[in-house]
Each structure stands twice: as C-alpha cells, then as structure tokens.
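> okay, structure incoming, though there's no sequence with it:
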C-alpha cells in the first residue's frame, strides 16, 4: 500500500514536471518582439532573424539583420546569441549578447567590425511607461576593430569603441560614457584636386585621434546633461562641446519619433510636411535651455590654416592676421551688441596672437524656455547674448 502511494506521488510529480516544462521554456520570439518594441520607442531600426532557437537559457537568432524603414540599408548580423536569458516581470534580462563579425560590401566600399558584444542587457516588458524600467538599457556595449575600405584601400579604422551606462539606485537617472579609441583616417584618398591640395597644404593627409562622450539623463524632468562631447586629433586640436536642457522626457522622445516618422512617410506631401513642422515647433516648446559650451584647443591647425589662407591671397601670415583682427569688430557691429562685439574682438585678437584655446559659453542666470529663445531671435536678436548669458574667451 505504501509502495503504491509512493508510486502515485512519483507519477504525479513527473506529470507536473512534464506539463510545466513548456511553460517555463523561454520564448525567443517574444524576446525579439519586445526588443523591437523598445527599439521602436527610441526611433531605432528593427531587428529581424531568419530563425530563432532556444537552448536552455540561451536564445540564438540566426540570419539576423538590422532593418531600416526603407529596407535599403539593412545590416546583416549573421548569428546573434543572447546568453543567460531570464524572464523579468514580463520583460527579459540578458547576461551577454554576442554578435558575429560584420563584413558588409557595397559597390566598391566595405566595412568590417569584430568583437561585438553587449553585457547585462535589460529588455522592458512595456516600452510605453514613463520611467527607466521601460527603456532598453545595458551595462556595457563594445565593438572591437572597425575597418573601412574604398576600392581595396583602407580609408579609416577604429581600434575600439566602448559604451558604458550606470543606472541610479532609485532608477531616476542613468549616466553614460562613450569612448572611441584609435580613430584613423587616410585623407590622401581624396581625389578632387582642390580638396586634395587643401588637405596637403594643411598637413591633414591622415588623422589620428579619439572621441569621447559623457553625460547623464534624469527621466523625471527630462534633464539631459551632456557634460562632454569631444573630438581630439593629433596635430589638429581638440573640439569639445557640452550642453544641458530640461524637458527631454520619454513622452517627448516618443512624440518626436512619431513626428519624424510622419515627415519621412510623406516627403512629397506639402500639407503633411507643414503639419509635422508645426508639431515639431510645438515639441520644442517643452524644452528649457540650461547651458552650453563649445571649446577648441589648438594643436597646430590654426597656424597652418592661416599660412595656407595667406598663400592663397598672395600675402603673408602676419598681414593676414592683422587683417582678420581689423575685420572682426566691423563684422560684429551690424548685430548691434556692443558688449558681445568687444568680448569677441578681444578673444579673437588674443587667440590669433598665440593660438591656444577659444571658448564660447552660454550660461543664463536662470533656465530659459525655448519659446523665449525663439521669440528673442525673431523679435530682438541683439538681446539673445544677454538672454543666454553668452561669454567668449581665449587662452583661458
């Protein structure tokens, strides 16, 4: 009797296990569908696969592609493997996403990329929410060496690209950091005679540098702080930009994507384009300007540029420099902003005497709504520098 009871329990357990198996298995198609839902909200292209297979906690998408709206620039990805997939409240977390190496050829150009991966990817269950739980996020994305060729000759290459993000403990904001190392370009491949001569005179037959982006985004009030967006090239200089604005919320992003898509779908419909343009202006009214800065730090390009320009005008660098100094206040006088005119003239003179750095900043005492900026630009453009708190300096 005891034996029969145990046997029945074992059989019942086996039956429950068998019935539960399919329910616990991962749904690869659902993962891809929710991935595309999150990409659509961000205005990104779609992801498709020829076949989707599940193996334990892994989802393998074969013959995968990034598909654009017009289907003209589809990017083949080969096999994409989602490792360590777990369901999470209707969404998914993925320990690592591994991509095949990319090798795309079109006409006489080709591009290759290797060692592509994403770590700790979070795919939301519902991309229509108003917090970061509805946003596609990851800890790190990396791409190894990228090489572009034209007619068999290497035109550019990038050694490594790394994107990292860090989510705040309360899910209210996310920090992001992008580093692109070993950016090289061969400008000697340019064929157009005038451009080729300019490149050679400026000593720009090749470029060697890096790019970096740092910032944060608070989803509640939509404050986007881009603290640094920098391009740094050897023997040229370092160009960096930063800005801060408020109102860049998830709702704003969705509306912006919808308006942009409407414009793309009706390129020849004048009424549709006008309606979309008005909608875009309406969206801009949601934004508030906090600050901005653009700065250039010279590494030799200024002197070479002045020497080249002087040669083209049959003069020398000293005379051209003096000419530029003299022209600056006259060019600015037409804007009727004496304070800005004096500021820019002094900065230009300082920079031309000894090229170091040139900085334009805008930092108002209080945040300025975009409609106020547009109104000032249309009604009294000479008040804009004061409204935005503009300063111009050199070699600081």
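Received the coordinates, thanks. If you're wondering where the values come from, they're calculated on a predicted model, not measured in any experiment.

> need the contact list for residue 118.
By C-beta atoms under 8 Å, 6 or more residues apart in numbering, the contact set of residue 118 is 94, 96, 97, 138, 140, 141, 142. All C-beta atoms are positioned from the backbone trio N, CA, C, and that covers glycine.

> any idea which helix or strand carries the closest residue to the last one other than its chain neighbours?
Leaving out its chain neighbours, the residue that sits closest to residue 142 by C-beta to C-beta, 6 or more residues apart in numbering is residue 162, at 5.1 Å. Using DSSP states H and E, residue 162 maps to strand 153-167.

> next one: residue 307
If you go by DSSP H and E, residue 307 is part of helix 301-312.

> list the buried residues of that helix.
Going by neighbour count (16 or more other C-beta atoms under 10 Å), the buried part of helix 301-312 is 301, 302, 304, 305, 306, 308, 310.

> do the same with stretch 165-178
165, 167, 173, 174, 177, 178.

> ok now do the residue nearest in space to the middle of the chain, which residues does it touch?
With distances taken as C-alpha atoms, centre = their mean, residue 213 lies nearest the centre of the chain, 8.6 Å away. Contacts for residue 213 were tallied using C-beta under 8 Å, 6+ apart; they are 176, 177, 178, 226, 228, 229, 230.

> residue 98: which element?
Secondary structure from DSSP H and E places residue 98 in strand 91-99.

> that strand: what's the following helix or strand?
Using DSSP H and E, the first helix or strand after strand 91-99 is strand 102-106.

> quick one, the helix or strand just after that following strand and strand 153-167 angle?
From strand 102-106 onward toward the C-terminus, using DSSP H and E, the following helix or strand is strand 109-113. Counting by axes from the mean of the first three to the mean of the last three C-alpha atoms, to 10 degrees, strand 109-113 lies at 40 degrees to strand 153-167.

> who does strand 109-113 touch, helix- and strand-wise?
Applying 3 or more C-beta pairs under 8 Å, 6 or more residues apart in numbering; DSSP states H and E, one finds that strand 109-113 contacts strand 102-106, strand 146-150.

> got the contact list for the helix or strand encompassing residue 252?
Taking DSSP H and E as the criterion, residue 252 maps to helix 250-265. Contacts with helix 250-265, where a contact means C-beta under 8 Å, 6+ apart, come from 40-43, 69, 128-131, 134-135, 219, 222, 272-273, 275-277, 279-280, 283, 286-287.

> how about stretch 314-324?
For stretch 314-324, the surrounding residues in contact (C-beta under 8 Å, 6+ apart) are 303, 306, 307, 309, 310, 313, 348, 352, 353.

> farthest-separated two in the residues you listed?
313 and 353 (20.0 Å; C-beta to C-beta).

> hang on, residue 163 packs against residue 177?
Yes: Residue 163 is within contact range of residue 177, at 7.3 Å (criterion: C-beta atoms under 8 Å).

> number of residues surrounding the residue nearest to residue 276 when sequence neighbours are not counted?
Distances taken as C-beta to C-beta, 6+ apart place residue 263 nearest to residue 276, at 4.4 Å, with adjacent residues excluded. By the measure other C-beta atoms under 10 Å, the count of residues near residue 263 is 17.

> pLDDT at residue 263, what is it?
At residue 263, the pLDDT value in this model is 74.

> and if you look at the one 10 residues further on?
At residue 273 the predicted local confidence, pLDDT, stands at 74.

> thought it was touching residue 279?
No: between residue 273 and residue 279 there is no contact under C-beta under 8 Å: 10.6 Å.

> out of the two, which sits in the busier spot?
Applying other C-beta under 10 Å to residue 273 and residue 279 shows that residue 279 carries more neighbours, namely 17 against 14.
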